[in-house]
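Colleague: how does the following fold in three dimensions:
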Amino acid sequence: MSAIQTPVQVYLKTEIRDEDQHETVEMSEPGRFYARGNTEVIKYREHPEDGEPVDTMITIQPEKVSIKRSGGVQMHQTFRREMETENAYHHPYGVFHMQTRTDAIEYRSINEADTGRLFINYQLTLNQDVTQRHRLTLTLEREDLS
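Modeller: Now for the predicted structure:
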């Protein structure tokens, strides 16, 4: 069975809270949505203002979400509800050890509605020192090819 491929516009909003500080990062990029069986994949390329492009692939399955980034940074982060996962984040400024505790994952496929949405609420600890609350909201809209 081959994957169904759909051009999409990806909107990503990440909110980070660290004690009394709050940061919001937003971006929008064209991408592709793939569906095959019970696995859905979103691919897009980020173009940060201060670095190399970063290719991002988000894999969504019933029990987990995986985000793999390569290029200017390298990371493979896995989210599982009410579980802790670990990985390394390779950045031009060094390698950071990441522990992720996922509190909630909500997902609505673009195959089920006009707009797809992935929401992940999690706690991230960097280098076993700084813990931050993160909320990731990714919205997908079909590209009009006319």
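Colleague: now the host helix or strand of E15 - C-alpha only, PDB.
Modeller: Using DSSP states H and E, E15 maps to strand 4-18. Written as PDB, here are the backbone C-alpha positions of strand 4-18 (Å, rounded to 0.1, in the frame of the first residue of the first chain):
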ATOM      1  CA  ILE A   4      -1.100   9.300   0.200                       C
ATOM      2  CA  GLN A   5       0.800  12.500  -0.100                       C
ATOM      3  CA  THR A   6      -0.800  16.000   0.400                       C
ATOM      4  CA  PRO A   7       0.900  19.400   0.100                       C
ATOM      5  CA  VAL A   8       0.200  21.400   3.300                       C
ATOM      6  CA  GLN A   9       1.100  24.600   5.100                       C
ATOM      7  CA  VAL A  10       2.600  23.900   8.500                       C
ATOM      8  CA  TYR A  11       2.100  26.400  11.300                       C
ATOM      9  CA  LEU A  12       4.100  25.700  14.500                       C
ATOM     10  CA  LYS A  13       3.800  27.500  17.800                       C
ATOM     11  CA  THR A  14       6.000  26.500  20.700                       C
ATOM     12  CA  GLU A  15       5.400  28.100  24.200                       C
ATOM     13  CA  ILE A  16       8.100  27.700  26.800                       C
ATOM     14  CA  ARG A  17       7.700  28.500  30.500                       C
ATOM     15  CA  ASP A  18      10.700  28.600  32.900                       C
END
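Colleague: between whichever helix or strand comes after it and strand 4-18, how many degrees?
Modeller: Towards the C-terminus, the helix or strand next in line after strand 4-18, according to DSSP H and E, is strand 21-36. Using axes from the mean of the first three to the mean of the last three Cα atoms, to 10 degrees, the interaxial angle of strand 21-36 with respect to strand 4-18 works out to 160 degrees.
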